[in-house]
Each structure stands twice: as structure tokens, then as C-alpha cells.
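Asks: need coordinates for the following:
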Amino acid sequence: MKIEIRGVEKLSFRERQVVALKEMGKSSNEIAKTLKLSASTVATLYSRARTKGYEVVIILPGDTLGILGGEDTEDD
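Replies: Down below sits the predicted model:
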């Protein structure tokens, strides 16, 4: 799996860090601890990033979804 952030050039370095960690499923408290910031700063950075209009795209290889390999997995 690969995560791509489109419009990342609009974000500051810290906003990029927060967005990436949020998209990885981290909580604000976990991000704050990792980046040595307060939870309120993390919330502010995330909120500011969201207003800048980025888009997160998750890229999955076809075999991850079981759609390659020719096996019939359809339930009748």
C-alpha cells in the first residue's frame, strides 16, 4: 500500500508531517508525542492543512484486493 498526498506543495513541513501521521491512523496525542508538540498544536496544524485543499490517495496493488491471478472468488 502506498499513500500519496496530492497538493502537498501547499502544506508547510509540519502540516505535511501531521497529515501523513493522521492518514496512517495515528491519534493527535500520538502525533504530539512523536513530533514533540502539544496536542492543540497538532489540531491547529491539521485544521490549517485541511483548509488548504490537499487530497489523500491510497494506492493498492491489484493482488491486495484479490482481483489478479485468474481465480474466481465470486460468491453465487
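Asks: from now on I want contacts and neighbour counts done on CA atoms only, so please keep to that.
Replies: OK.
Asks: distance from stretch 18-29 to the middle of the chain?
Replies: Averaged C-alpha coordinates place stretch 18-29 at 7 Å from its chain's average position (C-alpha atoms, centre = their mean, to the nearest Å).
Asks: now do the helices in this structure.
Replies: Assigned by DSSP state H, the chain shows helices spanning 13-23, 28-35, 39-51.
Asks: who touches the first one?
Replies: Contacts of helix 13-23 with the rest of the structure, by C-alpha atoms under 8 Å, 6 or more residues apart in numbering, involve 8, 28, 31, 42, 45-46, 48-49, 56.
Asks: check the residue nearest to L60 when sequence neighbours are not counted and give its pLDDT.
Replies: Nearest residue to L60, sequence neighbours excluded (C-alpha to C-alpha, 6 or more residues apart in numbering): M1, at 4.9 Å. On the pLDDT scale, M1 is placed at 71.
Asks: that's all I had, so thanks and see you.
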